[in-house]
Structures are given as structure tokens and as C-alpha cells.
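Colleague: Fold the stuff below for me.
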Amino acid sequence: MAFPESPVRADNFAVNLTEAVTLVIEDSPFVLELTSRVLAGFGIRRRRACQTPEAAMSALATQSVDLVLVSADLPDSSGYELVHWLRRSAHEANQFVPVIMTATHVLPSTLVRARDSGASLILTKPFSPAKLLERIVWAARDTRPFLEAGPYRGPDRRIRKLGYGGPERRVGTVPIIARPGEPLGLLK
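Modeller: Numbering: from 1, shown residues only. The predicted structure is shown next:
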């Protein structure tokens, strides 16, 4: 299989994915293989695939990755629990990695659970290669700081900038635990 030598282009924005390290966690062998092939088509050479949360935890504890794609519905443990663990317990370099969660039925409760677990984005299955690339580019460009507030640890959940110009009325401040500099190794 030949890999593209030039960066993938999306919306006039170049993303060179050839050096990115990805981890895909999916219990369906078919979806796992299909997703891995789509990532290879984007030029991603270093891909790791896991079918269980335990295998993913082992990989994340020892190897730095640039992007995680995880299914919300994993056997024995949910993808939500895996992302929560990742944000708190994984190898330090991986705690701030972009996480794209995939789910077959995305209800409002699914969005809330994904967001509250610390996922960066959610993508409905089945997804097209174009939609996956769109989410990867969005994750690569994401500059939201990582926050720790009560049980939550992950990217700032506020995506939209509403342009509020009044005084700050929130009680206390939320500590920022990390600010992505160059968005997480995907932009080279």
C-alpha cells in the first residue's frame, strides 16, 4: 500500500498525518479494520488497534499517541470510562491527547456522557472518510485549554465563543491544567 507523500488537505488547511500515532479502540473487528484502512488512506503510518479497554489501557500507559478514536459502546467497560481513565490515569503525555468518540446512536444523553468523560468530539457511526477527516482536522486545530473542575478533567467544554463583555460572575476560578501549544503533534 502506498502512502501519500504530501499532506492531506481539508478546507484549504494542510494536515500532515504521516508522523501521527493513532490508537483505535473498537470491539467490532470489521469496523476496526475499516477505520484503520481509512486512517492509512489519510497517510497515517503508525496505527495501533485494540478491541478491549484493557488492551487500550496497556497501550496508553506505555506509548505516546497523537489521536485516540474510541467506541462509546465497548464490552465490559464503556468508552466513556476509558476516556475518564485516560484523562486521569494514563501516561502523562496521553492525558491531553484529542479523543474522538464514536457511537451508533447519538442521543443528547450520549453527547453529555461523552463530553463529561473528557472526549474532545463525537462522531456518529457509520461515518464517511470525509467526516472522519473533518473531525481529525477539527481536533488538530483545537486550542481549548484543559481544565480540572470537580470530577471533570478534559478540554474546556465551551466550544462557542459567545462574546460576553460583562464582568466575570462565576464563583471561583477553574484551574487550567494544560494549554495546547501547537495542537498536539498533528500539524507539521
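
Colleague: residue boundaries of the helices in the protein?
Modeller: For the chain, applying DSSP state H gives helices covering 29-41, 53-62, 79-89, 108-117, 129-141.

Colleague: What separation is there between Leu74 and Leu17?
Modeller: Remark: distance between Leu74 and Leu17 (CB to CB, to the nearest Å) = 25 Å. C-beta: built from backbone N, CA, C; applies to glycine.

Colleague: what about stretch 98-108, start to end distance?
Modeller: Using CA to CA, to the nearest Å, one end of stretch 98-108 lies 21 Å from the other.

Colleague: Of all the helices of the chain, which one is nearest Arg47?
Modeller: Closest of the helices of the chain to Arg47 is helix 29-41, at 5.4 Å (criterion: CB to CB).

Colleague: helices or strands next to the closest one in the packing?
Modeller: When contacts are defined as 3 or more CB pairs under 8 Å, 6 or more residues apart in numbering; DSSP states H and E, helix 29-41 packs onto strand 21-25, strand 46-50, helix 129-141.

Colleague: hey, which of those is tucked in deepest?
Modeller: strand 21-25 (a mean of 24; mean count of other CB atoms under 10 Å).

Colleague: tell me the average confidence for that one?
Modeller: Strand 21-25 carries an average pLDDT of 95.

Colleague: what's it in contact with?
Modeller: Residues from elsewhere that reach strand 21-25 (CB atoms under 8 Å, 6 or more residues apart in numbering): 32, 35-36, 39, 44, 46-53, 55-56, 59-60, 63-71, 74, 79, 82.
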